[in-house]
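fold the following, please.
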Amino acid sequence: MLRFAGLRASAGLASAASAPAAPRPPGLRLFLRAATMERPAAGEINSNQCESVLREEKVSGELKASTVDSLTDMPFATVDIRDDCGITDVPQMNSKRSKEKEGIKNDHIKKRKKALKDYQPNYFLSVPITNKKITAGIKVLQNAILQQDKRLAKAMVGDGSFHITLLVMQLLNEDEVNIGTDALLELKPFIEEILQGKHLTLPFQGIDTFQSQVGFVKLADGDHINTLTEIAETAKRTFQEKGILAGENRLFKPHLTFMKLSKAPMLRKKGVKKIAPELYEQFINHRFGEEILYQIDLCSMLKKKQSNGYYHCEASIVIGKKPVGIQDIINEALHRERMELKSKVKQIKELLLKPETQAMIRKELFEGRVLNDGIHTDDADLSVTLL
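Alright, predicted model coming up:
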């Protein structure tokens, strides 16, 4: 009887394993244990196997329930997962989005590469060289070179254009020029913070070239180079943060250019392919003077230069206060005196042109007299004579 009951229970379990899981009464496991105490005959189902099947099914059910509960807490809980191990809609959507993002990223990289490829600087930050001693010394240098080779005349930089380049950039329209102007104004407090209220003196000494194509006066060694380099790096960062393409791949090397062979392309056809060292050897260690950093300009490389030879300037910032020396005081006094004299001369001319003044002069000097050509003074126009 027990064996028959065991067979019936085993058959029921087999069908239950293939059918959808249904709630089991609490006493089922006890009944099965009691019904399978005897050793089964050949072909019968082992009771241990039955219990193992029940245990595995219970664990499987618990795992499935636990998995579903955990998925409901995730952002993708509402997605219809068709197959736990197969391809679902979610990976397909993610793949599509991933491709779109990858495409956008690639487009951005391509545009950036194209922008860098098309990068042609047309503006720059300039430190103008205004010390007359420096500019006069460079003119002497240029004349000494021209005495040796007059063909280099067109390769010389005009004295009004002497400067140090802090940064080059590309500004394609007025909007970008305005952005560049804003960046320059924002740069001022950063520079003043670097200088800490001190003047930055830039001493110039000696001559060198870039690949024998560009001749320049060197900035003498010293801590001032590190300070100027820090200012240049700060300028580069400030402009780039504004979205402006700025800077170069090469290291910053401050220099004062006095000649460039590229200014005269015809020189190559005439056999001049480089700047020979012997042309400037007598100035190789010459001290040209010192320039104090006082002003930084945003200049155009392409627009027409000013009447004094300096570049077209879009905006400027003044760093600290300009130091006043004895020569500056003398120049200012002479300038004021000249302006006063010009004002007095102008007043005298205006007074002489007045009709009543001319009438008084005629009355006092020429009344009753006849000019050499026989014309009476009353009919003479004295405006030309007086002037």
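
buried set for stretch 280-287?
Y280, F283, H286 (16 or more other C-beta atoms under 10 Å). Glycine gets a C-beta too; all of them are placed from N, C-alpha and C.

and Q282, that one's in a strand?
No. Looking at Q282 with DSSP: H, G, I helix; E, B strand; the rest coil, it is helix, so not inside a strand.

let's number from 24 now, not from 1
Okay, residue one is now 24; in that scheme the one you just asked about reads as Q305.

next one: phi and psi at N166?
phi -60, psi -40 (degrees, to the nearest 10).

apologies, that question was intended for F281.
Dihedral angles of F281 (phi, psi; degrees, to the nearest 10) stand at phi -120, psi -10.

in this structure it contacts K241, no?
No. With contact defined as C-beta atoms under 8 Å, F281 does not reach K241; the gap is 11.1 Å.

still on that earlier bit, looking at the buried residues of stretch 303-310, which is nearest N154?
H309 (14.6 Å; C-beta to C-beta).

show me which of the buried residues of stretch 303-310 is closest to T250.
For these, the nearest to T250 is H309 (23.8 Å; C-beta to C-beta).

mind checking pLDDT for that closest one?
pLDDT recorded at H309 is 96.

swap in A65?
44.

go on, the one 4 residues further on?
N69 carries a pLDDT score of 51 in this model.

kindly report the same for N129.
On the pLDDT scale, N129 gets 65.

the one 4 residues further on now?
For K133, the pLDDT comes out at 59.

show me which of F281 and K241 is the more surrounded one.
Comparing F281 with K241 by other C-beta atoms under 10 Å, the one with more neighbours is F281, at 27 against 18.

what's near enough to touch that one?
By C-beta atoms under 8 Å, 6 or more residues apart in numbering, the residues touching F281 are I161, L164, Q165, M179, V180, F185, G238, F239, V240.

ok, the fifth one touching T280?
Yes. Judged on C-beta under 8 Å, V180 makes contact with T280 at a distance of 5.7 Å.

of these two, which one has the most company?
Legend: neighbour count by other C-beta under 10 Å for V180 and T280, higher for V180 (20 against 17).

how far away is that one from T153?
For V180, the distance to T153 equals 15 Å [C-beta to C-beta, to the nearest Å].

am I right that S330 is in a strand?
No. Counting by three-state DSSP, S330 is not part of a strand but coil.

what's around it, how many residues?
S330 sits with 7 neighbouring residues when counted by other C-beta under 10 Å.

for the one 4 residues further on, same thing?
Using other C-beta under 10 Å, Y334 has 22 neighbouring residues.

with adjacent residues omitted, what lies nearest to it?
In space, and not counting its chain neighbours, Y334 is closest to C322: 3.9 Å by C-beta to C-beta, 6 or more residues apart in numbering.

what of E215?
Distances taken as C-beta to C-beta, 6+ apart place I342 nearest to E215, at 6.6 Å, with adjacent residues excluded.

try L316
L223 (4.1 Å).

the one you found: neighbour count?
Counted by other C-beta under 10 Å, the residues lying close to L223 total 19.

residue contacts, it?
L223 neighbours (C-beta under 8 Å, 6+ apart): H247, T250, L251, I254, I315, L316, I342.

and what of T250?
I217, L218, L223.

which secondary structure state does it sit in?
Secondary structure, three-state DSSP: T250 is helix.

give me the buried positions along stretch 207-218.
Buried positions in stretch 207-218, judged by neighbour count with 16+ other C-beta under 10 Å: L207, L210, I214, L218.

quick one, helices of the stretch 74-223 of the chain?
All helices of the stretch 74-223 of the chain, identified by DSSP state H, counting those that start in this stretch, fall at 112-140, 155-171, 197-218.

for the residue nearest to E215, what are phi and psi?
Dihedral angles (degrees, to the nearest 10) for I342: phi -100, psi 110.

ok, now G181?
Torsion angles, degrees, to the nearest 10, at G181: phi -70, psi 150.

following the biggest strand by length in the chain, which helix or strand shows up next?
Determined from DSSP state E, the single longest strand within the chain is strand 224-233. Note on strand 224-233: by DSSP states H and E, the next helix or strand toward the C-terminus is strand 237-242.

against which helices or strands is that following strand packed?
On a contact count with 3 or more C-beta pairs under 8 Å, 6 or more residues apart in numbering; DSSP states H and E, strand 237-242 meets helix 155-171, strand 224-233, strand 278-283.

what do you get if the cut-off is 6 Å, keeping everything else the same?
strand 224-233, strand 278-283 (3 or more C-beta pairs under 6 Å, 6 or more residues apart in numbering; DSSP states H and E).

identify, out of those strands, the most deeply packed stretch.
strand 278-283 (a mean of 21; mean count of other C-beta atoms under 10 Å).

between that strand and strand 237-242, how many degrees?
Interaxial angle of strand 278-283 relative to strand 237-242 (axes from the mean of the first three to the mean of the last three C-alpha atoms, to 10 degrees): 150 degrees.

the helices in the stretch 274-410 of the chain, which residues?
Applying DSSP H, counting those that start in this stretch to the stretch 274-410 of the chain gives helices spanning 289-292, 349-375, 378-384, 406-409.

buried residues, the third one. List them.
Residues Q381 are the ones in helix 378-384 that count as buried (16+ other C-beta under 10 Å).

just to revisit the earlier point, any of the contacts of L223 buried? List them.
Neighbour-count burial (16+ other C-beta under 10 Å) is assigned, among the contacts of L223, to H247, T250, L251, I254, L316, I342.

can I get the residues you listed in JSON lines including pLDDT?
Shown next, in JSON lines, are the buried ones among the contacts of L223 (pLDDT from 0 to 100):
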{"residue": "H247", "pLDDT": "96"}
{"residue": "T250", "pLDDT": "97"}
{"residue": "L251", "pLDDT": "97"}
{"residue": "I254", "pLDDT": "97"}
{"residue": "L316", "pLDDT": "95"}
{"residue": "I342", "pLDDT": "91"}
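
and which of these is nearest G203?
Looking at the buried ones among the contacts of L223 and their distance to G203, the nearest is I254, at 16.7 Å (C-beta to C-beta).

over to that closest one. Which of the three states is it?
On the basis of three-state DSSP, I254 is classed as helix.
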